[in-house]
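> what follows is a protein structure lacking sequence information:
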């Protein structure tokens, strides 16, 4: 049996939860028993799962201090700590790092694998210093004690090696889509291909999908939209900055062409992806490290734009800036990059095909399953 440990309840909408979900589904299909424990339960009342779940999930008793969740003593926690079953822990989360340490002390020979999803960028003040201390401890523990470290991109792997993680203990396993999601994306790609290439003058639709929070920098996209030449901007998601962003859009010269959809279900999101021309994720922190929605877009043939950030694989996933000849482009060039695709249908067609081919080469479920074999025991 393999035990997974993560902060939030999978499958959820975040990248960590989706990765944990796909691992559990794949291991279960291989005949391995999987138990997934998390600090954050399904909520009250329990919300419906966005994806089908067939594996065991168990919320741990915990005490919340703001964003910090501390596990409380319980039979489940004790069983998790003392068993000899392999432990797969999804970071970042300080409490889960502490669980790793205790599990190692109690069972020195137990196989423990860390899944390093993202590097954090500490802010200022006491909170920022605590984040910096946590990350330093996590990196030291990953380098000295973890039997294996898995991460999502070569960019993060290089950064981990620079921090002392042994290359022979490191596995790069990019994220993937679920089987049903991939089939739907394949069908969308075929329908888009049957419609033929975009023509000069066709309305160009921009899309953002994600949490509406400060580090996502959706305001950059709203600001760039009027000068980009695109006709529509669709924003999917919710979060603490939604009202502020809606007011910002309403006050812009193209406010009537910015549509806020809120949170959509998987079917609605897929329909919107299929009718979009470019996905833009302008985050400015390394803790936004992959962006699984980029895979959903690329599988449909929708180019995905994200900007390079030290110790983040966001730009590596879509690689769009390199396709349009601007490999070192930053947020200031957002309007120009979008405009180049809007006004050059041939360049957009090249970017669309490159997105689909890159998905099939690096991120398809077939490729992901091959990479999964490197995760032992």
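Done, it's in. Predicted model, so just to flag it, every value in this text is computed and none were measured.
> I'd say residue 152 and residue 173 touch.
Yes - with contact defined as CB atoms under 8 Å, residue 152 reaches residue 173; the gap is 6.9 Å. Every C-beta, even on glycine, is put in place using the N, C-alpha and C of the backbone.
> who's more crowded, the two?
Using other CB atoms under 10 Å, the more surrounded residue of residue 152 and residue 173 is residue 152, with 23 against 18.
> quick check: closest non-adjacent residue to the more buried one.
residue 290 (4.8 Å; CB to CB, 6 or more residues apart in numbering).
> give me the phi and psi for that neighbour.
Note on residue 290: backbone dihedrals following degrees, to the nearest 10 are phi -150, psi -60.
> could you check how many residues crowd around it?
Residue 290: 26 surrounding residues under other CB under 10 Å.
> ok, it - contacts?
For residue 290, the contacting residues are 15, 117, 118, 152, 153, 174, 175, 313, 314, 317, by CB atoms under 8 Å, 6 or more residues apart in numbering.
> okay, now the second one: neighbour count?
To tie it back to what came earlier, the one meant is residue 117. 23.
> that one and residue 288: what is the separation?
10 Å (CB to CB, to the nearest Å).
> which of the helices and strands in this structure ranks last by mean pLDDT?
helix 320-323 (a mean of 90; mean pLDDT, DSSP states H and E).
> quick check: buried residues in it?
Using 16 or more other CB atoms under 10 Å as the test for burial, helix 320-323 gives 320, 321, 323.
> how about stretch 45-56?
50, 51, 55.
> turn these into a markdown table, columns for secondary structure and pLDDT.
Shown next, in a markdown table, are these (DSSP: H, G, I helix; E, B strand; the rest coil; pLDDT from 0 to 100):
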| residue | secondary structure | pLDDT |
| --- | --- | --- |
| 50 | coil | 91 |
| 51 | coil | 92 |
| 55 | coil | 94 |
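> quick one, strands of this structure?
2-6, 34-38, 56-59, 62-65, 68-71, 87-91, 112-116, 148-151, 170-172, 205-209, 232-236, 258-262, 278-281, 304-306 (DSSP state E).
> which helices and strands sit right next to the fourth one?
In this case it means strand 62-65. strand 68-71 (3 or more CB pairs under 8 Å, 6 or more residues apart in numbering; DSSP states H and E).
> which residues are in contact with the strand it packs on?
7, 39-40, 60-64, 77, 93-95, 99.
> try stretch 113-122
Counting by CB under 8 Å, 6+ apart, residues outside stretch 113-122 touching it are 15-16, 19-20, 86-92, 100, 128-129, 131-132, 134-135, 138, 141-142, 146-152, 156, 159-160, 285-290, 311-312, 375.
> can you pull the pLDDT of the closest residue in space to residue 41 that isn't next to it in sequence?
The spatially closest residue to residue 41, leaving aside those adjacent along the chain, is residue 59, at 3.4 Å (CB to CB, 6+ apart). Confidence at residue 59, expressed as pLDDT, is 95.
> count of residues packed around residue 59?
14.
> next, format the strands of the chain as a markdown table and append distance to residue 343.
Shown next, in a markdown table, are the strands of the chain (distance: least, CB to CB, whole Å):
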| stretch | distance to residue 343 |
| --- | --- |
| strand 2-6 | 44 |
| strand 34-38 | 47 |
| strand 56-59 | 49 |
| strand 62-65 | 50 |
| strand 68-71 | 49 |
| strand 87-91 | 43 |
| strand 112-116 | 40 |
| strand 148-151 | 38 |
| strand 170-172 | 37 |
| strand 205-209 | 14 |
| strand 232-236 | 16 |
| strand 258-262 | 21 |
| strand 278-281 | 13 |
| strand 304-306 | 16 |
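> residue 124 is nearest to which of those strands?
strand 68-71 (18.4 Å; CB to CB).
> what's the mean pLDDT across the closest one?
94.
> now it: buried residues?
Applying 16+ other CB under 10 Å to strand 68-71 flags 69, 71 as buried.
> please compute how far it lies from its chain's middle.
Distance of strand 68-71 from the chain centroid (CA atoms, centre = their mean, to the nearest Å) equals 23 Å.
> pairing partners for that strand, with directions?
strand 62-65 (antiparallel) (DSSP bridges).
> any idea of the mean pLDDT for the partner strand?
93.
> ok, now stretch 122-136?
Stretch 122-136 comes out at a mean pLDDT of 91.
> go on, stretch 101-109?
On average, stretch 101-109 scores 96.
> what does stretch 362-377 give?
92.
> what sits up against that stretch?
For stretch 362-377, using CB under 8 Å, 6+ apart, the contacting residues are 22-23, 26, 86, 111, 113, 148, 150, 171-179, 182, 295, 298-299, 317, 360-361.
> could you pick out the buried ones from these?
Neighbour counting over the contacts of stretch 362-377 (16+ other CB under 10 Å) leaves 22-23, 26, 86, 111, 113, 148, 150, 171-178, 182, 295, 298-299, 317 as the buried ones.
> quickly list what residue 115 is bridged to.
Residues in beta-bridge contact with residue 115 (DSSP bridges): residue 90, residue 150.
> what's the burial count for the closest residue to residue 164 other than its chain neighbours?
Nearest non-adjacent residue to residue 164, counting by CB to CB, 6+ apart: residue 143, 3.6 Å away. By other CB under 10 Å, 16 other residues sit near residue 143.
> OK, contacts around residue 143?
By CB under 8 Å, 6+ apart, the neighbours of residue 143 are 163, 164, 165, 166.
> could you dump these to CSV with neighbour count?
Output for these, formatted as CSV (neighbours: other CB atoms under 10 Å):
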residue, neighbour count
163, 17
164, 11
165, 22
166, 14
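> the longest helix in this protein is where?
helix 125-144 (DSSP state H).
> quick one: distance of that helix to the chain centre.
The answer for helix 125-144 is 21 Å, by CA atoms, centre = their mean.
> what's the answer for stretch 356-369, then?
On CA atoms, centre = their mean, the centre of stretch 356-369 falls 16 Å from the chain's centre.
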